[in-house]
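Undergrad: Requesting a structural model of the entry that follows:
(chains A, B, C and D)
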Protein chains: 2
Amino acid sequence: MKRSLPLNALRVFQVAAQHLSFTKASEELSLTAAAVSQQVKLLEQHLGMALFVRSNNKLSLTPAGERYFPRVREAFRALQHATAQLLDQKFSLRVAVPATFGTKWLVPRLFRFFGKHPDIDVAVLTEAQLEAGAWDIAIEERAGEEGPHVLVATDYVPVCGPVLASQLTQPSDLNAVTLLYERSGRRSAIAPDWNAWMAHAGAVLADTTRELGLGDGTMMLQAAIEGQGVALAQRLLIAYDVAAGRLVEPFAASTPWRHAYHLTVAQGVADRSEVSIFCEWLRAEVLAS
Amino acid sequence: MKRSLPLNALRVFQVAAQHLSFTKASEELSLTAAAVSQQVKLLEQHLGMALFVRSNNKLSLTPAGERYFPRVREAFRALQHATAQLLDQKFSLRVAVPATFGTKWLVPRLFRFFGKHPDIDVAVLTEAQLEAGAWDIAIEERAGEEGPHVLVATDYVPVCGPVLASQLTQPSDLNAVTLLYERSGRRSAIAPDWNAWMAHAGAVLADTTRELGLGDGTMMLQAAIEGQGVALAQRLLIAYDVAAGRLVEPFAASTPWRHAYHLTVAQGVADRSEVSIFCEWLRAEVLAS
DNA sequence: GGTTTCCCCAAGTTTTTCTAAACGAGCTTG
DNA sequence: CAAGCTCGTTTAGAAAAACTTGGGGAAACC
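TA: Next up, the predicted model:
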């Protein structure tokens, strides 16, 4: 490499390649289109090859640019991710939770914690970033409700929007609607299925019943709220939506199997006061509900 | 992220963290130490946290910096690697070879190819970068000498420097010296071992004989040239060193097993004239030797 | 105790980067 | 088919970084 890569030009290239438009890239970067054009030209000169084909009024990548772009994007994403994680360390307490649990249970209660402890900066991270050193407290979901660190456990009930609920009088009616369930891909917990619930409710799931698997519990609940079907959801996580009338439980029957959320404290942080304060607050919240 | 990362400052940080010295970093970057100091300070301000501990006269990373550094380094390496590979595309022909084969067989003959075809830019890549699209022709080593695309095959013979060779009169003398062999970790070929050669030569390898495994054939041959021991080397690759008197074959006995170099042409490039010209030249070179 | 080795700071200069404005090529539109 | 629009390029000058110089201090080395 004759001279070190022009990094800023590289970032401009990356954004421009994403949009396949210098104008759009200039907006994202808060620059003028001229600046983008210049930076890209600089990079192309540095590499000694064209990255874009400027066929008048339409922009596309050359084969070289096509090969280069995804790798450059990946590198920048890695930088971005590393930086974001570094910045998390500025919080005095970092709590990693499953996305749905965070959205539907933790976040709605968190304002009470802030009220009591305004001096503690809490960061709520999604489970996806469960790398060592990235969190102080982690909450994880597992099947069953045994274990020394169980925070709270829940069963599953069918829920749906109020309109749909009015059409359901008995479990077998479910065969006429779309059944939503969570396709928890990587999670260790065994996802509950409709088949089991129906059997438990004394009905039979027809082969023809339409099912829709959502990749994420929040998405599933959102679909249920919008009336797209009936979801098999954790009772623990629907309290607020039920209270607001957005969701209704058409049948009381819950499931015999339960899932539990387990509380883990990262090694070496147990003696920090924020950590124990938060853990105690969590347990108090569980008891209060 | 309030404002996009200062990429150049990030690179400076990366270099400084590598050396744990602003002065050394400034040399590598062809800057003054003051410039390095300023860039690092800029980055630290941007992130809102310290990355280095400046204890007078000794520099070290903070825990945050310690976590950040390897990830930043990785991202820059990825960029560097992607760019290097992109630049290879400027060559009209990219040939990937095992490192030792390239050093000892291909490169010494390559000047004849350039003489005949000065218009073809050849890039010789090491096997390590065997990713799709990165090469036009690949040469790979495998055990045995069967296969439709065998370029050339070879057996193995002991070689060493001339001084050491004068002390060896029969195979059993090898038990008194260091035996060098190639620890070809990832290669699919089964590395030949001294045990087998000794048995074939009618001698016995003593348990006490000192062996030294080198990770790379070139390193092994270099050790042999320097008189550090006797190497079990591919006869194909030692011709030039033997001719120059740097290496000597103390025993004529070669091995019953052979390895072959196979020639692979990447998909979709077989019809390019440079490719067929080079392949024909390779075969002609094999016949000529 | 002097010397060396680091790093930091402030001021000034160089280099890079960006903007503004004008231009040109193709596409759309009336 | 010509006017208007979009989009990228170019140039020159302005703004903003980045870099150097020179000075200083604190530990470490001899």
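
Undergrad: what packs against the longest helix seen in chain A?
TA: In chain A, assigned by DSSP state H, the helix with the most residues is helix A:63-88. Here helix A:63-88 touches helix A:7-19, helix B:33-47, helix B:63-88, going by 3 or more Cβ pairs under 8 Å, 6 or more residues apart in numbering or on different chains; DSSP states H and E. C-betas here are computed from N, CA, C, even on glycine.

Undergrad: most packed of the ones you listed?
TA: Comparing the helices and strands packed on helix A:63-88 by mean neighbour count (mean count of other Cβ atoms under 10 Å in any protein chain shown), helix A:7-19 comes out on top with a mean of 21.

Undergrad: hmm, that helix in reach of DNA strand D?
TA: No: Helix A:7-19 does not reach DNA strand D (Cβ under 7 Å from any atom of the strand); its nearest approach is 7.7 Å.

Undergrad: Report the rounded mean pLDDT for the helix or strand that that helix is followed by.
TA: On the C-terminal side of helix A:7-19, the closest following helix or strand by DSSP states H and E is helix A:22-28. Helix A:22-28 comes out with an average pLDDT of 94.

Undergrad: Stretch A:139-153 now?
TA: 88.

Undergrad: Using PDB, write out the CA atom coordinates for that stretch.
TA: Output of stretch A:139-153 as PDB, limited to C-alpha atoms (Å, rounded to 0.1, in the frame of the first residue of the first chain):
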ATOM      1  CA  ILE A 139     -32.000 -11.800  32.200                       C
ATOM      2  CA  GLU A 140     -32.400 -14.900  30.200                       C
ATOM      3  CA  GLU A 141     -35.500 -17.000  29.300                       C
ATOM      4  CA  ARG A 142     -35.500 -20.800  29.700                       C
ATOM      5  CA  ALA A 143     -38.100 -23.500  29.700                       C
ATOM      6  CA  GLY A 144     -39.200 -24.700  33.100                       C
ATOM      7  CA  GLU A 145     -39.300 -22.700  36.300                       C
ATOM      8  CA  GLU A 146     -36.600 -24.400  38.400                       C
ATOM      9  CA  GLY A 147     -33.200 -22.900  39.100                       C
ATOM     10  CA  PRO A 148     -31.500 -20.900  41.800                       C
ATOM     11  CA  HIS A 149     -31.800 -17.600  40.000                       C
ATOM     12  CA  VAL A 150     -35.400 -17.500  38.800                       C
ATOM     13  CA  LEU A 151     -36.700 -14.000  38.700                       C
ATOM     14  CA  VAL A 152     -40.200 -14.600  37.500                       C
ATOM     15  CA  ALA A 153     -42.100 -17.400  35.600                       C
END
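
Undergrad: Could you check how many residues crowd around whichever residue of the stretch 101-250 of chain A sits closest to chain B?
TA: Across the stretch 101-250 of chain A, no residue is closer to chain B than residue A:133, which sits at 5.9 Å (Cβ to the nearest Cβ). By the criterion of other Cβ atoms under 10 Å in any protein chain shown, residue A:133 has 16 neighbours.

Undergrad: Residue B:68 is in contact with that one, correct?
TA: No: here residue A:133 does not reach residue B:68: they are 10.9 Å apart, not a contact under Cβ atoms under 8 Å.

Undergrad: So which bits of the stretch 151-289 of chain A are right by DNA strand D?
TA: Counting by Cβ under 7 Å from any atom of the strand, no residue of the stretch 151-289 of chain A is near DNA strand D.

Undergrad: what stretches of the stretch 151-289 of chain A score poorly on pLDDT?
TA: A:184-192 (pLDDT under 70).

Undergrad: Which residue is the nearest non-sequential neighbour of the residue of the stretch 101-250 of chain A closest to chain B?
TA: Nearest residue to residue A:133, sequence neighbours excluded (Cβ to Cβ, 6 or more residues apart in numbering or on different chains): residue B:67, at 5.9 Å.

Undergrad: So the one you found sits against residue A:88, correct?
TA: No: here residue B:67 does not reach residue A:88: they are 10.6 Å apart, not a contact under Cβ under 8 Å.

Undergrad: Count the neighbours of residue A:244 for me.
TA: Residue A:244: 9 neighbours (other Cβ under 10 Å).

Undergrad: Over to residue A:57?
TA: Counted with other Cβ under 10 Å, residue A:57 comes out at 5.

Undergrad: Please apply the same query to residue A:249.
TA: So residue A:249, with other Cβ under 10 Å, has 16 neighbours.

Undergrad: Correct me if wrong: it contacts residue A:158.
TA: Yes: counting by Cβ under 8 Å, residue A:249 does reach residue A:158; the two are 6.9 Å apart.

Undergrad: wait, what's in contact with residue A:285?
TA: For residue A:285, the contacting residues are A:109, A:112, by Cβ atoms under 8 Å, 6 or more residues apart in numbering or on different chains.

Undergrad: you'd agree it is in a strand?
TA: No: assigned with DSSP: H, G, I helix; E, B strand; the rest coil, residue A:285 falls outside any strand and is helix.

Undergrad: The stretch 151-289 of chain A: strands as residue ranges?
TA: Remark: strands assigned in the stretch 151-289 of chain A by DSSP state E, counting those that start in this stretch are A:156-159, A:179-182, A:211-214, A:230-234, A:259-265.

Undergrad: export those strands to TSV and tack on mean neighbour count and distance to residue B:43?
TA: TSV is the format used below for these (neighbours: other Cβ atoms under 10 Å in any protein chain shown; distance: least, Cβ to Cβ, whole Å):
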stretch	mean neighbour count	distance to residue B:43
strand A:156-159	25	48
strand A:179-182	24	42
strand A:211-214	15	41
strand A:230-234	27	43
strand A:259-265	20	32
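
Undergrad: now the ones you listed in JSON lines, with distance to residue B:150?
TA: Listed next are the strands of the stretch 151-289 of chain A as JSON lines, based on distance: least, Cβ to Cβ, whole Å:
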{"stretch": "strand A:156-159", "distance to residue B:150": "63"}
{"stretch": "strand A:179-182", "distance to residue B:150": "55"}
{"stretch": "strand A:211-214", "distance to residue B:150": "51"}
{"stretch": "strand A:230-234", "distance to residue B:150": "61"}
{"stretch": "strand A:259-265", "distance to residue B:150": "57"}
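
Undergrad: On the pLDDT front, check the closest residue to DNA strand C within the stretch 101-250 of chain A for me.
TA: For the stretch 101-250 of chain A and DNA strand C, the shortest gap (Cβ to the nearest atom of the strand) falls at residue A:133, measuring 24.5 Å. As predicted, residue A:133 sits at a pLDDT of 71.

Undergrad: Return the distance of it relative to residue B:75.
TA: With distances taken as Cβ to Cβ, to the nearest Å, residue A:133 is found 18 Å from residue B:75.

Undergrad: got it, and residue A:217?
TA: Distance from residue A:217 to residue B:75, by Cβ to Cβ: 32 Å.

Undergrad: All good on my end, thank you.
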